[in-house]
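J.: how does the following fold in three dimensions:
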Amino acid sequence: MINYEEVKERLRQIIPLGLTAGLGSNEPGKMCVEAAICFALSEPHSEQPSCVSELDRRFSIVINDAGWSSPLVRAEALLPLAIAQLGTLNTSRRIWVTHIILGTIKRVLPLALDAVGMTDHAQACRNIETLDDAKVAVKAAEKSLSAATGTLAAAYAFSAAVAVTAVEETNVAAAANAAIFCSNATFYSDTANFNVTRDAVLCEAVAIALDAYKAEGR
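T.: Numbers count the residues shown, from 1 in each chain. Down below sits the predicted model:
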């Protein structure tokens, strides 16, 4: 039987040394978040810790592999996420998945929409309450973005399209990707309106996941 308190303490020692994009090697400071969990569990080096649900694992891998500014920044952000997902295997993920998707559309996509001056669409996304609301709001935003011109608008249109996939398929990996595309688009920004760093957007995605864990009583 897994002693989760011991595993959490190991993670608090291992992860602050840094996390890599990709699996990495079996050495603290040189591995990804899921490999760090395996290490803390004394399991073989992999991205498949035995006590973590596949959905939680997919979300964490996508966020882990995003373009964080440094391994240490990635590690600081993902430590609480690593701890929160322990013991999720064989549990219902419905509440968590729903909160991930709604949170991404309410809290991340509006950052992108505000950046290109589509404040009405941004507010519509912030006002959603259900997955049906989310689908309507995101599709409307995607349509407007697709009709806009410029690299930034195109990047955010793709983010909206990925968010649509997340809603339609209740896909947490797609929700994570939507957040990442929003964060990556900061590098294409040709407007002074976007004043949020890529790390900040990714941290918001992590915060959404942590709030989702709280919603399911973790």
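J.: tell me the mean pLDDT for stretch 85-94?
T.: In this model, stretch 85-94 has a mean pLDDT of 94.
J.: cool, and stretch 167-174?
T.: The pLDDT scores in stretch 167-174 average 76.
J.: buried sites along that stretch?
T.: 167, 170-174 (16 or more other Cβ atoms under 10 Å). Quick note: C-beta positions are derived from backbone N, CA and C, even for glycine.
J.: with stretch 125-138 instead?
T.: Those buried within stretch 125-138 under the rule 16+ other Cβ under 10 Å are 125, 128, 131, 133-135, 137-138.
J.: got the contact list for Ser37?
T.: Quick fix: residue 37 is Ile, not Ser. 7, 11, 49, 52, 82, 85-86 (Cβ atoms under 8 Å, 6 or more residues apart in numbering).
J.: about what we covered before: reformat the buried residues of stretch 125-138 as CSV; add secondary structure.
T.: Shown next, in CSV, are the buried residues of stretch 125-138 (DSSP: H, G, I helix; E, B strand; the rest coil):
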residue, secondary structure
Cys125, helix
Ile128, coil
Leu131, helix
Asp133, helix
Ala134, helix
Lys135, helix
Ala137, helix
Val138, helix
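J.: now, among the residues you listed, which is nearest to Asn90?
T.: Leu131 (24.1 Å; Cβ to Cβ).
J.: shouldn't the closest one be in contact with Ile101?
T.: Yes: counting by Cβ atoms under 8 Å, Ile101 is a contact partner of Leu131 at 6.7 Å.
J.: overlap of the contact sets of the two?
T.: With Cβ under 8 Å, 6+ apart, Leu131 and Ile101 have common neighbours 167, 170.
J.: quickly note the distance from Cys182 to Glu204.
T.: Using Cβ to Cβ, to the nearest Å, one gets 9 Å for the distance from Cys182 to Glu204.
J.: which of those two has more residues huddled nearby?
T.: Cys182 (31 against 18; other Cβ atoms under 10 Å).
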